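**Student:** predicted model follows, preceded by the sequence.
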Amino acid sequence: MIHHTKLIVPDCPIDTAFCTPEPYLSIASDDTTKAYFDRNGYCYRIETVKGILSESDEFAISFDNSGNAFLTRAIADNHTILPLKRNALNNFQTNGKQLSDNNANYGFADFDNNIMVFAKSPLGMDFGESRIYSSSDYNSSLNSADIIQFDALPLDGYWISQPCIACSGDVILFASNHDTSYGGTDIVMSVKMPNGKFSAPVNIGRNINTDCDELTPFIDPKGNFILFSSNGRDNVGGYDLFKSDLAPDFCSQIKSGNRNFDALFGQAVNLGKPINTIHDEIAPMIYSHKDSALYYSSNQNVKDFKKQVFNIWVKFKVNDYTAPDAFYHEEAEISEAQTKDTAMKSPDIIEPPKPEILVKKEIIVKGKVFDAHTNILLDSVMMVLRKVPYEQPEQLLFTDKSGAYNMKLLTETEYEITAQKYGYYFDTKRLIIGNNDEVQEMNFYLPQSGAIRVNFPLDEYLNPYKHTLDSNGNQTLRTWQEELDLVAENILLAPDKIDKVILVGHTDDIGTDEYNMQLGQRRVEFIIEQLVKRQVPRNILIGRSAGEREQLTRRYNENIDTYRKRLRRVIIDKFYK
């Protein structure tokens, strides 16, 4: 089982959740087999949707209230929305017309009351530039769509995408790494206010969200349940599709102010095999007029395709059984013989199958290490390999005279490689190599100087943000504890050669100067104690507070909350003798 997968979709956020889902062990009568048809007079088919099947990524299909279909597809470097003509439940076609221009990525459309909502981000975007838009004139063009305003949501530094609109347009759910996230991306909800804006997004609770990633929410047209994708529950593998029943009168309860999400959303249940596979399933969608047809996107293998991409799949009801075609679901979990043998048994006494075992391969990763300023190759650089979550080193070696290294890694395993050398700051990379991936050379570049940031919430000095922030205020992959581990490791390469390590505590502009000087000093003292716990000699650690007196320059159009988050920091810099 792939424990944690990086899903590649437009403007996807940095993956921050280091989590391990449980293996999916349940089993139910397979409703796609000949034996099932013989017993019931009907069965279901699971297959790729014909007419739009291609070796380009198709991330989502959606339907408006009139039954018109729309496809999110990757065309070259651009993600776009294409209108479709429906020939049958399992057959669509497109004339190639795009509703969107080529200057941005568009996708993950949803509809309610003849309004389309969709995600949009500029090409070559920085993280956090994805936004949600709405359009009532979507059949002609999306270029004049309106951005949806959310109350008290900073536009910089947060990823928001994959919207689902419900309750006659008054409720929007979407995926985000918002501050209320339990980890990774969660599904959050916003309700339309009297002024036409939407309320501040709120996390919809643990019945849906986990410490891993939740994506692509969809509320069925009748308002009975929500479907979504997650890689943090009892997963067959990668991202799976899940269902949660909604409370009766869900919309009226939401509009009346009920925020008891444990009562509004039932405990999520895996849709099971054979819908979910060891690959990724995302973007579930039900055709409004045909509740028996479930559409979703999956990157499982398709026969004769040269590469593994996301394609649209459909599960639909048939009244006459025919043998599955070449594109039928690639992983039939229950043979007809098994189904016949267990047909008369109660599902409660069927023995669960053994968990699927992912066979990992050993692979070589190699590269070189350079001086980041001069581009000179560096020998004797210490290369440390760790598994993620952060563990003790798996391998420790040094670059040769030509600055080269090579390491043995297992596929389908998340690793971190760190390069360290006396007189330099470190460089570090995280990676997961798939069984079918081609490994390229991975090079490292060590700066001779630099600074490490640990940022804090408002008025806090004992509880930094869980993950460190980059210079733009965006969340990175590494926790503050891991960052300090690397800082300490770097200092301890040659502590006798270091003259001093300077730590400066900063605050935002809220509060008095006197209070902020004290707060900055407390933040510095906290970080010093953390480094001492990591065996850094106290005598080389020198701390001071700048309070609010040495503020960073606020960027043009930077949200005030993001700016203040960047200000609340401790900077660590080291100086050699």
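**Tutor:** Happy to help now that I have it. These numbers were taken from a predicted model, which means no experiment stands behind them. Numbers count the residues shown, from 1 in each chain.
**Student:** what helices or strands is the strand or helix carrying Arg86 leaning on?
**Tutor:** Taking DSSP states H and E as the definition, one finds Arg86 inside strand 78-88. When contacts are defined as 3 or more Cβ pairs under 8 Å, 6 or more residues apart in numbering; DSSP states H and E, strand 78-88 packs onto strand 69-75, strand 91-93, strand 104-112. Just so you know, the C-beta spots here come from the backbone N, C-alpha and C atoms, and that holds for glycine as well.
**Student:** one more pass at 10 Å, please.
**Tutor:** On a contact count with 3 or more Cβ pairs under 10 Å, 6 or more residues apart in numbering; DSSP states H and E, strand 78-88 meets strand 58-63, strand 69-75, strand 91-93, strand 104-112, strand 115-122, strand 311-318.
**Student:** quickly list the domain ranges of this structure.
**Tutor:** What automatic domain parsing lists as the domains of the chain is 22-341, 359-449, 452-577.
**Student:** with mean pLDDT as added columns, please give these in a markdown table.
**Tutor:** Compiled in a markdown table, the domains of the chain are given as follows (pLDDT from 0 to 100):
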| stretch | mean pLDDT |
| --- | --- |
| domain 22-341 | 83 |
| domain 359-449 | 84 |
| domain 452-577 | 86 |
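**Student:** could you dump these to CSV with mean neighbour count?
**Tutor:** Formatted as CSV, those follow (neighbours: other Cβ atoms under 10 Å):
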stretch, mean neighbour count
domain 22-341, 19
domain 359-449, 16
domain 452-577, 17
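**Student:** could you find the closest non-adjacent residue to Ala60?
**Tutor:** In space, and not counting its chain neighbours, Ala60 is closest to Ala283: 3.8 Å by Cβ to Cβ, 6 or more residues apart in numbering.
**Student:** that neighbour contacts Leu215, doesn't it?
**Tutor:** Yes - between Ala283 and Leu215 there is a contact under Cβ atoms under 10 Å: 8.0 Å.
**Student:** next, the angle strand 58-63 makes with the strand holding Arg86.
**Tutor:** Per axes from the mean of the first three to the mean of the last three Cα atoms, to 10 degrees, the angle that strand 78-88 makes with strand 58-63 is 50 degrees.
**Student:** so what strands line up beside strand 78-88?
**Tutor:** Using DSSP bridges, the strands paired with strand 78-88 in its sheet are strand 69-75 (antiparallel), strand 91-93 (antiparallel).
**Student:** overlap of the contact sets of Ala283 and Leu215?
**Tutor:** Here Ala283 and Leu215 have 9, 108, 162, 228-229, 239 as joint contacts, going by Cβ atoms under 10 Å, 6 or more residues apart in numbering.
**Student:** look up how far Pro495 lies from the residue lying closest to Phe261 once chain neighbours are set aside.
**Tutor:** Nearest non-adjacent residue to Phe261, counting by Cβ to Cβ, 6+ apart: Gly205, 3.4 Å away. Distance, Gly205 to Pro495, using Cβ to Cβ, to the nearest Å: 48 Å.
**Student:** next one: Lys421
**Tutor:** Distance from Lys421 to Pro495, by Cβ to Cβ: 15 Å.
**Student:** where do the helices of the protein begin and end?
**Tutor:** For the chain, the helices defined by DSSP state H occupy 34-40, 250-255, 261-264, 336-342, 480-491, 513-533, 560-567.
**Student:** all good on my end, thank you.
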